[in-house]
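> Fold the following, please.
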Amino acid sequence: MFKGLLPKEEKYFDDFSLMIKTISEMTSLAKEFFCDAKYESGISLKLKSLEKRCDEISQKVFKKLNKSFLTPFDREDIYALIKKLEQVSDAINASVTKATVYNLTQPLSVSNKLLQIAGMQVKELYISIVDHKVKFVENLKTVKDLEQEADQIYREAITKLFKEETNAIELFRQKEILDILEDITDKCQAVASVIATITLKNG
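Take a look at the predicted model:
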């Protein structure tokens, strides 16, 4: 359904598909990073490369929009979708970058759970954008439901952190990373909202 709405002459669909595939790969790498107590720095380098790819895709879409006089639907919506996708990739990269810079020495509480949820959201977005043969509305609702689940996990983790962590610097470090991890799920929900808007306006 979504693919049928996209401007075929400029191949925006190919750009969106490559972007969400790259984000899916980034999510898997971030999960691998936070699962390892050693926080392998090599994963950070891989993520940075993938984030750069997403930036390049965004710039490619922006250039297409600037040179196209007419588009099959609002150029603002095309811009919004690619921008929201880019923000997801930025947040994923930021979570691992922060953990690397802070040189964390122990697994971060609930990081795996939050990234697992983000990975499930990205899967639903992938289905909506790439494999659009399934129930479209249900995919987007699932993304929202997962975001609400992540909010609950985040609130419980922050409450526990403030109760148990006595080192102020460590508390700050962990909270900042948890903030970013939760923000990934928020940004996935933002992508779903843009897709829903495009569908409603052009369906």
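> So which residue is dead centre in this protein?
For the chain, the residue lying nearest the average C-alpha position, counting by C-alpha atoms, centre = their mean, turns out to be residue 88 (3.0 Å).
> Contacts only, for it.
23, 122, 184, 187, 188, 191 (C-beta atoms under 8 Å, 6 or more residues apart in numbering). Placement of C-beta: from N, CA and C, glycine included.
> three-state assignment of the last one?
Here residue 191 takes the helix state, with states given by DSSP: H, G, I helix; E, B strand; the rest coil.
> number of nearby residues for it?
One way to gauge burial is a neighbour count; for residue 191, by other C-beta atoms under 10 Å, it gives 29.
> same check, this time on the fourth one
Taking other C-beta under 10 Å as the neighbour definition, residue 187 ends up with a count of 21.
> can you check the second one too?
Residue 122 has 26 neighbours, counted by other C-beta under 10 Å.
> Got the phi and psi for the residue in the chain sticking out farthest from the centre?
In the chain, counting by C-alpha atoms, centre = their mean, residue 166 sits farthest out from the average C-alpha position, at 31.7 Å. Torsion angles at residue 166 (phi, psi; degrees, to the nearest 10) stand at phi -100, psi -20.
> Looking at the contacts of residue 88, which are in helices?
Restricting the contacts of residue 88 to those inside helices, with DSSP state H as the criterion, leaves 23, 122, 184, 187, 188, 191.
> Where does the prediction get shaky in this structure?
1-10, 37-38, 69-73, 132-136, 202-203 (pLDDT under 70).
> Helices of that one, start to end?
For the chain, the helices identified by DSSP H occupy 2-5, 12-35, 41-67, 75-102, 111-129, 136-164, 168-202, in order along the chain.
> tell me the most buried of those?
For these, the largest average neighbour count (mean count of other C-beta atoms under 10 Å) is found in helix 111-129, namely a mean of 22.
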